[in-house]
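> A structural model of the following input is requested.
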Amino acid sequence: MHPAPSIIVFTTLSGLGYGLAALLGLGVLDPSLVATKIAHVLALLLIAAGLASSTLHLGNPQRAWRALSQWRSSWLSREGVMAILTFVPLLWSAWAAVIESRYLMLPGLLGTLFAGITVYCTAMIYASLKSVQAWHTPLTPLCYLLFAASGGALLGLFFAASSGGPLLLLSVMAVVFTAAAWTAKLAWRRNMDAMAPLSTPESATGLGDIGKVRLFERPHMTENYLTREMGFRIARKHAGKLRQLSLLSGGVVPAVIALVLPIAGSDGGLIAALAMALAVAAHVLGMLAERWLFFAEARHAVMNYYGG
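Next up is the predicted model:
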């Protein structure tokens, strides 16, 4: 599948935003601190920026609102509806924290719940596609949810370090969620590498009973939408390097930094904040690589008709 930059940015930024918003909804950061107020604003900005970038790949972005009408059958529509609904408790919580320096449990917990549901809807857009076998697994939404939780915990730890607050709880959350996310992702990759294609040229043409089906000639000689979007390929050696980069940058580096901070006896401050800024930056880089591979390595069943 062709990895559209707008979708990569959308899933990365919105995942970070919803993860941070979910963490803030649990009330683990002191709402009276300036860092916590900035965290609320940043969560909303990340979500808004991610949603805005998702419209860039549409042929007619001005018609994007029509996607909201199909919520009964479309995960894309459900995601749009949930994204709008989630802004209600998030804005309520942000107002209470930024303006009133208070944590409100009801909108906070609703924001956490709705953020999780929205990320799940995003993941199910891909997991529901039977035509892309690698995505059609329960591991896909699990990875999306855990990566959002990991990014949110890392950002929360950064803001805690910036304000000089206690780091132990958030450090544990960051390490646990990051380790769980990459454990699930590695299982997802093993599943993709080991799976036998359900759709083959034999099954696609219905000629499997006769014997092996070999493509004599492509349906047409020029490129079209299907070959551009569904027929994207990445060399195995490049995929291997990007896999290592995504794991190292998105998982190992931030987890080690998050683990070292409380062990070193740090209770926040400039050094701790800079260390967590590096951890968050590494995580974002790793997530961009991971999301690029998520699309680039996926094989659409339609390529059976193009010799893919």
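
> now the helix or strand containing residue 87: buried residues?
In the assignment (DSSP states H and E), residue 87 maps to helix 75-98. With burial defined by 16 or more other Cβ atoms under 10 Å, the residues of helix 75-98 counted as buried are 75-83, 86-87, 89-90, 92-94, 96-98. (Glycine included, C-beta is placed from N, CA and C.)

> show the subsequent helix or strand relative to it.
Immediately after helix 75-98, counting by DSSP H and E, sits helix 105-127.

> which helices and strands does the next helix-or-strand element following that next one pack with?
Using DSSP H and E, the helix or strand that follows helix 105-127 in sequence is helix 139-162. On a contact count with 3 or more Cβ pairs under 8 Å, 6 or more residues apart in numbering; DSSP states H and E, helix 139-162 meets helix 5-25, helix 34-53, helix 105-127, helix 168-194, helix 253-263, helix 270-296.

> for helix 139-162, buried residues please.
139-162.

> and that helix, how far from the chain's centre?
Chain-centre distance of helix 139-162: 10 Å, with Cα atoms, centre = their mean, to the nearest Å.

> report the angle between it and helix 5-25.
Going by axes from the mean of the first three to the mean of the last three Cα atoms, to 10 degrees, helix 139-162 is angled at 60 degrees with respect to helix 5-25.

> quick one: mean pLDDT over helix 139-162.
Average pLDDT, helix 139-162: 96.

> what does stretch 251-263 give?
Here the average pLDDT along stretch 251-263 is 91.

> same question for stretch 78-88.
In this model, stretch 78-88 has a mean pLDDT of 93.

> can you check stretch 177-193 too?
95.

> run through who's touching that stretch.
Residues outside stretch 177-193 that contact it (Cβ atoms under 8 Å, 6 or more residues apart in numbering): 134, 137, 139-140, 142-143, 146-147, 149-150, 152-154, 243, 247, 250-251, 254-255, 258, 283, 290, 297.

> repeat that for stretch 76-95.
18, 21, 24-25, 40-41, 43-44, 47, 51, 64, 67-71, 103-104, 107-108, 110-111, 114-115, 117-118, 121-122, 124-125.

> again, but for stretch 2-14
With contacts defined as Cβ under 8 Å, 6+ apart, stretch 2-14 is touched by 46-47, 49-51, 53-57, 119, 122, 144, 228-230, 232, 284, 287-288, 291-292, 294-296.

> give me that answer again for 7 Å
Applying Cβ atoms under 7 Å, 6 or more residues apart in numbering, the contact partners of stretch 2-14 are 46-47, 49-51, 53-54, 56-57, 122, 228-229, 232, 284, 287-288, 291-292, 295-296.

> so residue 15 versus residue 23, what's the distance?
Taking Cβ to Cβ, to the nearest Å as the measure, residue 15 falls 13 Å from residue 23.

> thinking again about what came up before, nearest to residue 222, out of the helices and strands packed on helix 139-162?
Among the helices and strands packed on helix 139-162, the nearest to residue 222 by Cβ to Cβ is helix 270-296 (22.8 Å).

> in that closest one, which residues are buried?
For helix 270-296, the neighbour count (16+ other Cβ under 10 Å) marks 272-273, 275-276, 279-280, 282-296 as buried.

> quick one: least confident helix or strand in this protein?
One helix or strand of the chain scores below all others by mean pLDDT, DSSP states H and E: helix 225-229, with a mean of 62.

> next SSE after it?
Next along from helix 225-229, by DSSP H and E: helix 236-247.

> report the mean confidence score over that following helix.
Helix 236-247 comes out at a mean pLDDT of 86.

> got the angle for it vs helix 253-263?
Using the same axes, to 10 degrees: helix 236-247 against helix 253-263 is 20 degrees.

> which residues touch helix 236-247?
With contact meaning Cβ under 7 Å, 6+ apart, helix 236-247 is reached by 182, 286, 289, 290, 293, 297.

> again, only using 6 Å
With contacts defined as Cβ atoms under 6 Å, 6 or more residues apart in numbering, helix 236-247 is touched by 286, 289, 290, 293.
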